[in-house]
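1. Curious how this folds, go ahead:
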Amino acid sequence: MKINLKRNTLLEKILLPFVVLSFITIIVVSLFVGEILTLRMEEGTTKEIISYKDTVEGFFRDKEKQAILYAELLSDERRILEKYGGKHLMGLSHLSLFMQEGLKIYLEPLRFLKEGDTQQKGLIKKGLSGELASGFIPKSIDNAIRLDYDVVAPIDKGAIIMVGFSFDNEYLGGVKKKIGNDIFILYGDRVVASTLRKEEERREIQKKVTEEIIDRITKKGESVIERIFLEDREYKAIFAPLKRDETGSAIFGIVMSTNDLVLAKRKIILNYVAISLSILAVLSLINYIVVKRSLRPLKRLSAMADRVAKGDLSLRVDIESSDEIGIMGVSFNNMVESLIKEEEQLNLTIKQMIRQEKFASIGEIAAGIAHEIGNSLAIVVAYSKMLVNKGCDEDTKECLNYIMDAATRMDRITKNLLMYAKPSYQQELLDINRIIEESISVVLFQCERDDTSCRIEKNLSEGLPSVMGNRGELQQVFINLFINSVQAMPQGGTISVSTEKIDKDIVINVIDTGEGIPEERRERIFDPFFTTKPKGTGLGLSITQRIIENHKGEILVCSDAGKGTTFIIRLPAVQES
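-> Residues are numbered from 1 along each chain as shown. Take a look at the predicted model:
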């Protein structure tokens, strides 16, 4: 089947989705950033209007302190004049100063005991009792309410001075010049003074002042910020407590235009659209270049496929992208890896077939040898021992010993051949540590008998699960390995044995400090009849491998010439139910 790789198809599948997704991403990110900037600007305007509120409160407190100060000064001056016979309260310079400061002097304050309202009468009574008193006084003038701040200072018994100022439009106009924003005064839910030019604007302010807002401001002392629209323009208004008392509620507020915020939003939108288009154009160009460059590896991939077809399996594609070409590269590498694995599996299958063929041949030979010469060898050994026991000269005795050794060696070979060809299948649950201990005892006894200097170190993990196996065969495995290690250390050395559980297997390591195995011999050490020992049969490690494989395990060897040898055995552990 032919597959046509069209250039336009790649461009359509990569470039167009990239442009669309990039554009959507840019829009979303830009909107998100714009929203964050808008929130920051909202926070900025909120902080700004709160700072204006704090400033105006400072102006109000200073004005109140000024009225109290002048009341105290006038009280002291009046007291001095009366003591020394003076007739005039103050000169024209004092009156001019009071007028400049917007303060009022009440020449006959006692008349308010009859004409004034309850709050004003209360202040006068406190002054007559010798107490300096001050407070906000709502006054009704021409069917309108005006909010004044009056101070009553005592002069002598029955005499007082009363000074005050009004929170009227003129005073608020002066404050507006300092902060640049409109100010209003509310008493209850009515605007009693403001710098707002139109009645519609004042009514819009009054609509925002609900009973809930009044309670929050006057009873809890909170400052409330509301968004209002005056003449279709957006503003922020802050409402803060001016005075709380038993008879009424005084609230002041500031109106600040947020039209700059609207303009800033528009500017952000225009900027992000321009930036988005610029970025999209640049990214589209970059993506086009990347797609064109990504098409170049196709020719190299085709050439590599031809070389693989000729048998070169060492080639690999460097994966630099995840597009169609990258997927093709991954598929190419997977194909090469599959070919390598199939080749390795084929070689392994061939080796296994050769080994099975050897097993079958050896089995037939072993069975015939064991049957034909087993009994004969036993007779030869028995009669040789009998002749030696009857007594004979030394030469004859030496010859008989040679005959017995040769016959014994032949008997051992036939038994090994028979075991190699026909392994036992009787298995039981075994403690691998105990099998190793028993095998070590046998080897140590042989070392003492042969006067061999060898030390065995054990590091056997406790609590290992059991293995399913044949006790005699597993003992033979470890005895073979230990004897090989002893023979590899003619000058003496150390054998280290360790056990541990890894995953679902029991792993046994047998390490010696002997001469090691050269690289050219390592691949053949498990072959039947391969040996480098003068008296070896070449069946020890072959039988060991066969036993381990029959126990569904594996045996590996790691060795370098002159650096010792390590045998690693893995046996499946019996899972506890």
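2. Run through who's touching stretch 545-554.
-> 359, 420, 423, 425, 427, 467-470, 473-474, 476-477, 505, 526, 555, 569-572 (CB atoms under 8 Å, 6 or more residues apart in numbering). Placement of C-beta: from N, CA and C, glycine included.
3. List the ones among those that fall in strands.
-> In strands, judged by DSSP state E, the following of those are found: 467-469, 505, 555, 569-572.
4. what residues are up against G122?
-> Residues near G122 by CB under 8 Å, 6+ apart: 133, 135.
5. Which helix or strand contains it?
-> helix 118-128 (DSSP states H and E).
6. Go through that helix and flag the buried ones.
-> For helix 118-128, the buried set under the neighbour-count rule, 16 or more other CB atoms under 10 Å, comprises 119-120, 122-124, 126-128.
7. Just the element for L285, please.
-> Element membership for L285 (DSSP H and E) is helix 259-294.
8. mind saving the C-alpha coords of the helix or strand that contains K207 as CSV?
-> Element membership for K207 (DSSP H and E) is helix 199-208. In CSV, the C-alpha atoms belonging to helix 199-208 read as follows (Å, rounded to 0.1, in the frame of the first residue of the first chain):
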residue,chain,number,x,y,z
GLU,A,199,-30.5,69.1,41.4
GLU,A,200,-30.7,65.9,39.4
GLU,A,201,-27.2,65.0,40.6
ARG,A,202,-28.2,65.6,44.3
ARG,A,203,-31.3,63.5,43.8
GLU,A,204,-29.2,60.7,42.4
ILE,A,205,-27.1,60.8,45.5
GLN,A,206,-30.1,60.7,47.7
LYS,A,207,-31.4,57.6,45.9
LYS,A,208,-28.2,55.7,46.8
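9. before we move on, the earlier item: and the helix holding L285, what other elements does it pack with?
-> helix 7-83, strand 233-244 (3 or more CB pairs under 8 Å, 6 or more residues apart in numbering; DSSP states H and E).
10. among the ones you listed, which is nearest R146?
-> Of all the helices and strands packed on helix 259-294, strand 233-244 sits nearest to R146, with 13.8 Å by CB to CB.
11. what angle do that closest one and helix 7-83 make?
-> If you take axes from the mean of the first three to the mean of the last three CA atoms, to 10 degrees, strand 233-244 sits at 30 degrees to helix 7-83.
12. Can you tell me which helices and strands strand 233-244 packs against?
-> helix 7-83, strand 133-141, helix 199-208, helix 211-218, strand 224-230, strand 249-257, helix 259-294.
13. Report the inter-axis angle for the helix holding L285 versus strand 233-244.
-> Using the same axes, to 10 degrees: helix 259-294 against strand 233-244 is 130 degrees.
14. now for the helices and strands packed on helix 259-294, which one comes closest to N509?
-> Nearest to N509, of all these, is helix 7-83, at 53.5 Å by CB to CB.
15. Low-confidence ranges, the stretch 301-450 of the chain, go.
-> Applying pLDDT under 70 to the stretch 301-450 of the chain flags the ranges 302, 313, 315, 317, 319-325, 352-375, 409, 412-425, 449-450.
16. Tell me where it has strands.
-> 428-430 (DSSP state E, counting those that start in this stretch).
17. How many residues are close by K397?
-> With neighbours defined by other CB atoms under 10 Å, the count for K397 comes to 13.
18. Please list all residues in contact with the nearest residue to it once chain neighbours are set aside.
-> Excluding the flanking residues, the one nearest K397 by CB to CB, 6 or more residues apart in numbering is V388, at 5.8 Å. The neighbours of V388, taking CB under 8 Å, 6+ apart as the test, are 397, 400-401, 404.
19. any idea how far S439 lies from I568?
-> 17 Å (CB to CB, to the nearest Å).
20. who has more neighbours, the two?
-> Per other CB under 10 Å, whichever of S439 and I568 has more neighbours is S439, with 21 against 14.
21. got the contact list for that one?
-> By CB under 8 Å, 6+ apart, the contact list for S439 reads 475, 478-479, 482.
22. Which of those sits closest to N433?
-> Nearest to N433 among the contacts of S439: F478, at 11.1 Å, using CB to CB.
23. correct me, but the closest one touches R434?
-> No - judged on CB atoms under 8 Å, F478 makes no contact with R434 at a distance of 11.2 Å.
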